[in-house]
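Visitor: Can you look at this prediction? I've put the sequence above it.
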Amino acid sequence: MIRKKAMEIVLEGIKNEPIIAANGFLSRELFALRDKETNFYMIGSMGLSSSIGLGVAIKNPHMKIFVFDGDGNILMNLGSIVTIGAVQPKNFVHIIFDNASHESTGGQPTNSNNISLSNFGKDANYKVFLIKNQTNLKKIMHKIMKIEGPIMLVIKIKKNNTKSDRVSIFPEIIKNRFMKSLKEI
């Protein structure tokens with residue numbers, strides 16, 4: 001399964017809930033597939049989507065918060081997993097698209113084939129789901145909408161040559177519309 005297909009399946013289960021998307025191809029593909037004011041696109045802040053998502057989840061406990069992360073991004077900020085596990089936000093869903101590479105910067109390999117992100121999540125007290133195919137992803141998406149977090153989905157994906165266009169909204173506008181949308185939900 002490629003990232004775009006996995007993201008399409010994930011988005012079927014997410015309505016207007018906030019999504020914080022890691023920089024690079026994750027933000028680009030989310031923007032191309034479903035731009036909405038409750039999306040926060042990281043522009044150039046590698047590794048920080050989970051930390052920002054935690055802050056949003058703590059401040060807005062009445063809504064489910066989704067974080068779209070890549071294996072390269074989360075490996076740059078593993079401490080956020082420990083903090084999220086300690087805080088135990090019931091409304092936090094951490095979706096890691098794992099292709100074992102820094103695909104957005106040229107495809108350099110990450111170490112996600114040498115360590116288990118799902119085991120790391122379990123050790124940090126997440127509810128963890130390791131997903132390797134579309135059927136399993138659809139089933140798990142229905143399940144996670146009904147349970148409390150923190151939840152981690154590690155979705156194994158393949159590298160892909162298809163690239164979406166860059167996010168065409170200025171960072172300040174992304175921030176302002178996201179903050180406004182949180183007040184309106």
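Guide: In hand now; what should we look at?

Visitor: Report the central residue of this protein.
Guide: The centroid of the chain falls nearest to Phe68 when counting by Cα atoms, centre = their mean (1.2 Å).

Visitor: ok, it to Met1 distance?
Guide: 15 Å (Cβ to Cβ, to the nearest Å). C-betas here are computed from N, CA, C, even on glycine.

Visitor: do Lys139 as well
Guide: Taking Cβ to Cβ as the measure, Lys139 falls 14 Å from Met1.

Visitor: contact partners of the longest helix seen in the chain?
Guide: Once the chain is assigned using DSSP state H, the helix that runs over the most residues is helix 171-184. Residues from elsewhere that reach helix 171-184 (Cβ atoms under 8 Å, 6 or more residues apart in numbering): Pro18, Lys36, Glu37, Thr38, Asn39, Phe40, Tyr41, Ile43, Val56, Lys59, Asn60, Val167.

Visitor: now do 10 Å
Guide: 16, 18-20, 27, 31, 36-45, 56, 59-60, 63, 65, 167, 169-170 (Cβ atoms under 10 Å, 6 or more residues apart in numbering).

Visitor: re earlier: name the residue in Lys139 and Met1 with the higher neighbour count.
Guide: Met1 (18 against 12; other Cβ atoms under 10 Å).

Visitor: dump the residue contacts of the more buried one.
Guide: Met1 neighbours (Cβ under 10 Å, 6+ apart): 9, 97, 131-134, 136-137, 155-158, 160.

Visitor: Same check on Gly53?
Guide: Counted by Cβ under 10 Å, 6+ apart, Gly53 has contacts 18-22, 40, 65-69, 80, 84, 89, 92-94, 150.

Visitor: can we see that at 6 Å?
Guide: Ile20, Ile65, Val67 (Cβ atoms under 6 Å, 6 or more residues apart in numbering).

Visitor: Check whether it sits in a helix, strand or coil.
Guide: Under the three-state scheme (DSSP: H, G, I helix; E, B strand; the rest coil), Gly53 adopts helix.
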